[in-house]
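# Sequence plus the predicted model coming up.
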Amino acid sequence: MVKIQNDGTVEVDLAKNNPVASELLELHSAESASLQIDDIVPNHNKTVPRLNIVLLVVGTRGDVQPLLAIAKRLQEFGHHVRLATHSNFSGFVKSAGVEFYPLGGDPRVLAGYMARNKGLIPSSPGEISIQRKQLNAIIESLLPACTKPDIETGVSFRAQAIIANPPAYGHVHVAEALGVPLHIFFTMPWTPTYEFPHPLARVPQSYGNWLSYIIVDLLIWWSIRSYINDFRKRKLNLPPIAYFSMYHGSLSHLPTGYMWSPNVVPKPKDWGPLVDVVGYCFLNLGSNYCPKGEFAEWIKNGDKPIYIGFGSMPLEDPCKTTKIIMEALKDTGQRGILDRGWGDLGVLSEVPDHIFLLENCPHDWLFPQCSAVVHHGGAGTTATGLRAGCPTTIVPFFGDQFFWGDRIHQKGLGPEPIPIAQLSVDALSSAIRFMLQPEVKSRVMELAKLIENEDGVASAVDAFHRHLPHERPIPPASPEQKESENDEYSNPIQWFFSLIGKFCCRVCS
């Protein structure tokens, strides 16, 4: 039995024996193309062709940033790389020197939907309409992102490989239509395992962990099935998927890379060779950052402050949340940096000397200046805080933020997570005192040294190259080309002579 909790997670009541098994997706096979010597890059004992690679990324900046780091490294290998994500991040992607293509959907709307509904399940009919519009906008933009010329330069582009995160939803179907390899990268676990439950599910017994992934996958599939099948038929010229065949598009058979440190969450023993835990993928924006004079002076004139910010998360009552934070900092005698973020934190008529209101500062520069951090638990923010050696309090809003909050607490790197609805002066004050304990700082510093010696971006690129097919596929005609060819040769006589022409061309060549 499956129950949807008030916080949006899925509670699964299970029997010990379950017969659920996944189907394997039959990928398109294709003939290999002949490669010139200058068209390959070395990768251990394997030659890798220089490819047109598109990264399909749906989510907030925390989802975009690690994949942007991977995109930059792929370019160093000579690949033509395009990162397709929401228009909000156009400047961010272009400033990193990576080609940008817009995907549909608004990350602010998506984040607001997730925060209000605490996850996947709409809480009211109005929320269903919001979800439908966002989903349609995302799915409809996927095929152009893989096949259309660059919007600014007009340079042609056709993806020969796709990298995507799971919330892109239609990625596997576009890859199927184009006949190109697909590699999944994500910041939260999505592959079934017996070691821990799906971040969006709750299970009362450990033996239900594996099945929780199946349940969540099926719930998502049931909610998007009509859109996906319409997309397959109308845009991709593919047959629809049967009602219970979500695993035609699941992750179990696809190469998948998880972008977190194995020293934080080791790779589960039941994840096979297709799955890699590559490490955190940092973009290292702070290396070129220079703080403004006022902020630099404030940092120097006192003890290390505590950072508090909730990134892309919307706040129902920014004034109330700000007041709680101010009282907790006063109660513990700490200086604080308040990051306004998308929730408009720090609504104050007058800013006291021990508080600094901040916007748009790279976390990898900022966090080393802080004694501890309090944030929403996004995977990227969590990673940056740990690498900086900062004890961490996570105030989760939804989804994998609870997962990371639990991991931080289990490792003794911070207190128990405080869900945003339970944030209070007493709870936050206790959390701050916990983080300031010397033994907590010592544990975080030990982990920080391990993370500093990892190179998640290099491992991610290596995994991508390693899982590529040994022979480069020749993609079938695109759905648009198929339609034009069907129209052009609708006359049987034209079709017959076109075949003769193609045969003669092959003989002559």
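Alright, I've got the coordinates.
# any idea how far the nearest residue to residue 344 once chain neighbours are set aside is from residue 357?
Setting aside the residues directly before and after it, residue 344 is nearest to residue 318 in space (Cβ to Cβ, 6 or more residues apart in numbering), at 4.6 Å. From N, CA and C alone the C-beta is placed, and that goes for glycine too. Residue 318 sits 12 Å away from residue 357, taking Cβ to Cβ, to the nearest Å as the criterion.
# Touching, residue 48 and residue 468? I think so.
Yes - Residue 48 is within contact range of residue 468, at 6.1 Å (criterion: Cβ atoms under 8 Å).
# tell me the phi and psi of the closest residue to residue 181 other than its chain neighbours?
With Cβ to Cβ, 6+ apart as the criterion, residue 181 has its nearest non-adjacent residue at 5.1 Å, and that residue is residue 161. Main-chain torsions, residue 161, degrees, to the nearest 10: phi -160, psi 150.
# Off-centre distance for stretch 102-111?
Between the centre of stretch 102-111 and the centre of its host chain there is 13 Å, according to Cα atoms, centre = their mean, to the nearest Å.
# Could I get the full set of strands for the stretch 201-350 of the chain?
Residue ranges of the strands in the stretch 201-350 of the chain, as given by DSSP state E, counting those that start in this stretch, are 201-202, 256-258, 275-277, 306-309, 336-339.
# May I see those arranged in CSV, with distance to residue 236 as well?
Output for the strands of the stretch 201-350 of the chain, formatted as CSV (distance: least, Cβ to Cβ, whole Å):
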stretch, distance to residue 236
strand 201-202, 30
strand 256-258, 23
strand 275-277, 27
strand 306-309, 41
strand 336-339, 42
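# So which of those is nearest residue 381?
Put simply, out of these the one that sits nearest residue 381 is strand 306-309, at 8.1 Å, with distance taken as Cβ to Cβ.
# Direction included, what does that closest one pair against?
For strand 306-309, the pairing partners within the sheet under DSSP bridges are strand 336-339 (parallel), strand 372-375 (parallel).
# Quick one: mean pLDDT over the last one.
Average pLDDT, strand 372-375: 97.
# can you check the first one too?
Predicted confidence along strand 336-339 averages 94 (mean pLDDT).
# which element follows that strand toward the C-terminus?
strand 355-358 (DSSP states H and E).
# Which residues outside the helix or strand that comes right after that following strand are in contact with it?
Scanning forward in sequence from strand 355-358, with DSSP H and E defining helices and strands, the next element found is helix 363-366. Among residues not part of helix 363-366, those counted as contacts by Cβ atoms under 8 Å, 6 or more residues apart in numbering are 282-287, 289, 291, 307, 337, 358, 380-381, 384-385, 387-388.
# Just the CA trace of helix 363-366, in CSV.
These are the backbone C-alpha positions of helix 363-366, laid out as CSV (Å, rounded to 0.1, in the frame of the first residue of the first chain):
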residue,chain,number,x,y,z
HIS,A,363,29.9,29.9,-2.0
ASP,A,364,33.3,28.4,-2.6
TRP,A,365,34.8,31.8,-1.7
LEU,A,366,32.3,32.7,1.0
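# Straight-line length of stretch 183-203, end to end?
Taking Cα to Cα, to the nearest Å, the span from the opening residue of stretch 183-203 to its closing residue is 29 Å.
# same check, this time on stretch 274-287
34 Å.
# Pull the residues that contact it.
Stretch 274-287 is contacted from outside by 65-70, 72, 96, 191, 253-262, 265-267, 362-366, 383-384, 387, 451, 454-457, 459-460, 463, 467, using Cβ under 8 Å, 6+ apart.
# domains in this structure, as residue ranges please.
In terms of domains, the chain is parsed into 2-13+47-280+459-467, 285-453 (source: automatic domain parsing).
# number of nearby residues for residue 424?
Using other Cβ atoms under 10 Å, residue 424 has 12 other residues around it.
# got the phi/psi numbers for it?
The main-chain torsion angles of residue 424 are listed as degrees, to the nearest 10 and equal phi -140, psi 170.
# How about the contacts made by it?
Residue 424 neighbours (Cβ under 8 Å, 6+ apart): residue 324.
# Run through the residues that contact the residue nearest to residue 224 when sequence neighbours are not counted.
With sequence-adjacent residues excluded and distances taken as Cβ to Cβ, 6+ apart, residue 224 is closest to residue 169, at 5.9 Å. With contacts defined as Cβ under 8 Å, 6+ apart, residue 169 is in contact with 58, 135, 138-139, 224, 228.
# Low-confidence bits of the stretch 101-250 of the chain, can you list those?
Within the stretch 101-250 of the chain, the segments meeting pLDDT under 70 span 112-128, 205-207, 243-250.
# how does it look with 90?
105-135, 169, 200-227, 241-250 (pLDDT under 90).
# now swap in the stretch 251-400 of the chain and tell me
Looking along the stretch 251-400 of the chain with the criterion set at pLDDT under 90, you get 251-253, 284-293, 311-317, 340-352, 358-361, 398-399.
# What of the stretch 401-509 of the chain?
Along the stretch 401-509 of the chain, segments meeting pLDDT under 90 span 470-509.
# Relative to residue 102, which of the strands of the stretch 201-350 of the chain is closest?
strand 256-258 (24.7 Å).
# can you give me the strands for the stretch 1-150 of the chain?
Applying DSSP E, counting those that start in this stretch to the stretch 1-150 of the chain gives strands spanning 2-4, 10-12, 40-43, 46-49, 52-56, 80-86, 99-103.
# Correction: the previous question concerned the stretch 401-509 of the chain.
Listed from the start of the chain, the stretch 401-509 of the chain has no strands (DSSP E, counting those that start in this stretch) to report.
# could you dump the contacts of residue 169 to JSON lines with distance to residue 348?
What follows is the contacts of residue 169, written out as JSON lines (distance: Cβ to Cβ, whole Å):
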{"residue": "58", "distance to residue 348": "34"}
{"residue": "135", "distance to residue 348": "38"}
{"residue": "138", "distance to residue 348": "37"}
{"residue": "139", "distance to residue 348": "42"}
{"residue": "224", "distance to residue 348": "42"}
{"residue": "228", "distance to residue 348": "46"}
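# can you tell me which of those are in helices?
Among the contacts of residue 169, the subset assigned to helices under DSSP state H consists of 135, 138-139, 224, 228.
# Reformat those residues as TSV; add neighbour count and distance to residue 195.
Written out in TSV, the entries for the ones in helices among the contacts of residue 169 read as follows (neighbours: other Cβ atoms under 10 Å; distance: Cβ to Cβ, whole Å):
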residue	neighbour count	distance to residue 195
135	21	31
138	22	31
139	24	32
224	19	27
228	23	30
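# Compile the residues you listed into a markdown table and extend it with columns for distance to residue 417.
Formatted as a markdown table, the entries for the ones in helices among the contacts of residue 169 read as follows, by distance: Cβ to Cβ, whole Å:
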| residue | distance to residue 417 |
| --- | --- |
| 135 | 29 |
| 138 | 29 |
| 139 | 33 |
| 224 | 29 |
| 228 | 34 |
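# got the contact list for residue 358?
So, once contact is read as Cβ under 8 Å, 6+ apart, residue 358 ends up touching 295, 309, 337-340, 366.
# Brilliant, that's me finished.
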